[in-house]
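Colleague: my questions are about this predicted structure, shown below with the sequence.
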Amino acid sequence: MTALDGDLGWTLGVVFRAYLKASSAAMTDIPGEHRGYQVLTAAARDEAPSQSALGERLGIDRTVLTYLLDDLERADLVARRPDPADRRTRRIVATDNGRALLRRLEDRLAQAEARVLAGLPGEDQVTLKALLRRLAAHTNALDPVEDACAVVEDIRAGS
């Protein structure tokens, strides 16, 4: 046992680092990696009412989102379609190729999660995830973060 064994920051850091590496390896097929995955997920679930609303919801700068959407569109994963209610607005929709890739990515992420949690019996994995959800909800109430992109950006910035 080392002095770090009881340190929450060290423990969370080790697990987060393992998850980040495993999940990043799962994202090699999609432009923008995690951000591309979030955009594709929103598009596949019809949660992208417009390009601007999508950027706001995901916390992605408008210019960055435009380039990301260009890359995703070139890869035939999403398409920009005129909104029938307002032809000036572009809806972001997943293509059939995008939906197929999303299913593969979700499977890979599940495998990555399973590898990270493999040191715990199944029941403990369920308990850990439930406790983390409760802790995240409590912590988010104290210091709100609107989306996963903002969480990752905060971590990278050292906030």
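Modeller: Nice, thanks for sending it over. Numbers count the residues shown, from 1 in each chain.

Colleague: worst-scoring helix or strand of the protein, pLDDT-wise?
Modeller: helix 148-157 (a mean of 59; mean pLDDT, DSSP states H and E).

Colleague: the longest strand along the chain pairs with which strands?
Modeller: Across the chain, the longest stretch assigned as strand under DSSP state E is strand 86-94. Strand 86-94 has the following strand partners under DSSP bridges: strand 78-83 (antiparallel).

Colleague: how about residues contacting the strand it pairs with?
Modeller: Contacts to strand 78-83, defined as Cβ atoms under 8 Å, 6 or more residues apart in numbering, come from residues 39-40, 43, 49-51, 69, 72-73, 89-95, 98. Backbone N, C-alpha and C define where each C-beta goes, glycine included.

Colleague: tell me how far it lies from the chain's centre.
Modeller: Relative to its chain's centre, strand 78-83 lies at 22 Å (Cα atoms, centre = their mean, to the nearest Å).

Colleague: one more: stretch 79-95?
Modeller: On Cα atoms, centre = their mean, the centre of stretch 79-95 falls 23 Å from that of its chain.

Colleague: show me what counts as buried in that stretch.
Modeller: 79, 80, 89, 90, 91, 92, 94, 95 (16 or more other Cβ atoms under 10 Å).

Colleague: looking at the residues you listed, which one is closest to residue 27?
Modeller: residue 94 (16.2 Å; Cβ to Cβ).

Colleague: and the pLDDT for that closest one?
Modeller: Here the pLDDT value assigned to residue 94 is 95.

Colleague: show the contacting residues for it.
Modeller: Per Cβ under 8 Å, 6+ apart, neighbours of residue 94: 40, 43, 44, 77, 78, 102.

Colleague: give me that answer again for 10 Å
Modeller: By Cβ atoms under 10 Å, 6 or more residues apart in numbering, residue 94 lies in contact with 39-46, 48, 72, 77-79, 100-102.
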